[in-house]
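Chemist: Here is a sequence with its predicted model. Questions after.
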Amino acid sequence: MKQSIKTTIIAAVALLAVACGGNHSQTQNASEKYPYGDVEIQALPGGACGAPSYIAYEKGFFEREGLNVTLVSGDFETQKIGLASGKFAVANGDFQFFPSAHQGLDIKIIAGLHQGCIQILVPPGSPIKTVEQLAGKRIGVDEIGSSAMAVASILVANHGIDPKEGVTWLPFPRDQLPTVAEKGLIDAVALWDPFGPIAVQRGYTSLCDISTDPLFAGKYCCFLFASGKQLRENPERIKAILRAYHKASEWIAANPEETARIVTEKGYVPTGDTVFVAELIRGYKYHAKHDASTKQQAKGDATYFVDELKKAAFLPKDLDTHKFVDNLYVDVLGDEELGSAHNAADTTVQKMH
């Protein structure tokens, strides 16, 4: 009788797993054309900093790596759940993921993507002229715990303001933040590109642009994270995805104007101004080549931001930074594989020209 009950429980658990979507880490719908099967990547709705995902999709870099990719929409929470379950193989994110990783989210950094794409701004006519004057003020963010909030927290912490007690964080939809600020419901906004630069065009004052602010300039703001589950169970798929991202980033570095045209015409960014978007993309400093130095930069910049998040109380002050980053970062492609991917990207770019 006990064995029968045990068998019934095991069968129920198996059915539940199937009902919840099965094992996403295994290759779904593999074929000769797509040996790594179907892959969903949450990249919508997007900004200019999502260009690697869009270009890898539009220029066929995913397809050439044997991946049948679908770009889907969602928020930070759905992205975290998707990575943890293995539903999503990778995600374009930044140090907003570090606290979740510390809390046990099964993710790994596999590459750095690009530099600054967030600004902290005040609306036209604001009496706030310095970061120090944000003390006691209301800062609007797209989500509590989001990348923009993490950046703003690091900023205020480095200017003598307690990010937990010294300011009030209020969440609003990203595209509505400027309107909310102009109504006087918040005092400052933390905005992704292109919303930040668009707001500047409308008369907003930037207190911090992470592409130029000394706290952030020259460092990756966005990393490519992989699902730990998928990395263990389907490492070749993760390698293929990373190769596609590298090829896309190198293509973007060589073709910023064409990248801007594609992402605006396809509606990936909420503006039709290709000159403006090309300027943003050039500012992200995409790599023309990925090699051992770009790996070192990714790990070094992750180390830097872990320390900054400790200052901002996003991570425990007694956290062993180097041990944490050593566990978080995984070297997916060897140096020889990077060289092969770069040569293939060079050939592809030449053919496209």
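Modeler: Perfect, I can see it now.
Chemist: Kindly report the domain assignment for the chain.
Modeler: 32-115+220-352, 118-209 (automatic domain parsing).
Chemist: okay if I get those domains as JSON lines plus mean neighbour count?
Modeler: For glycine as for every other residue, the C-beta is placed from the backbone atoms N, C-alpha and C. Formatted as JSON lines, these follow (neighbours: other CB atoms under 10 Å):
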{"stretch": "domain 32-115+220-352", "mean neighbour count": "19"}
{"stretch": "domain 118-209", "mean neighbour count": "19"}
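Chemist: Include mean pLDDT when you put those into TSV, please.
Modeler: Compiled in TSV, the domains of the chain are given as follows (pLDDT from 0 to 100):
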stretch	mean pLDDT
domain 32-115+220-352	92
domain 118-209	95
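Chemist: so who does the nearest residue to Tyr268 once chain neighbours are set aside touch?
Modeler: Closest residue in space to Tyr268, ignoring its immediate chain neighbours: Tyr54 at 4.8 Å, by CB to CB, 6 or more residues apart in numbering. Neighbour list for Tyr54: 43, 46, 71, 262-263, 266, 268 [criterion: CB atoms under 8 Å, 6 or more residues apart in numbering].
Chemist: Out of those residues, which comes closest to Ile154?
Modeler: Nearest to Ile154 out of the contacts of Tyr54 is Gly46 (CB to CB; 23.3 Å).
Chemist: surely the closest one meets Thr271?
Modeler: No. The criterion here is CB atoms under 8 Å, and Gly46 misses it with Thr271 at 11.8 Å.
Chemist: So for this protein, which residue is the most central one in space?
Modeler: Centroid check for the chain by CA atoms, centre = their mean gives Gly93 as the closest residue, at 1.8 Å.
Chemist: I'd say it and Ser147 touch.
Modeler: Yes. Applying CB under 8 Å, one finds Gly93 in contact with Ser147, separated by 7.0 Å.
Chemist: List the ones among the contacts of Tyr54 that fall in strands.
Modeler: Mapping these onto strands (DSSP state E) picks out 43, 71.
Chemist: Present the contacts of Tyr54 as a markdown table; the columns should include distance to Pro214.
Modeler: Shown next, in a markdown table, are the contacts of Tyr54 (distance: CB to CB, whole Å):
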| residue | distance to Pro214 |
| --- | --- |
| Ala43 | 30 |
| Gly46 | 28 |
| Leu71 | 35 |
| Ile262 | 33 |
| Val263 | 29 |
| Lys266 | 35 |
| Tyr268 | 31 |
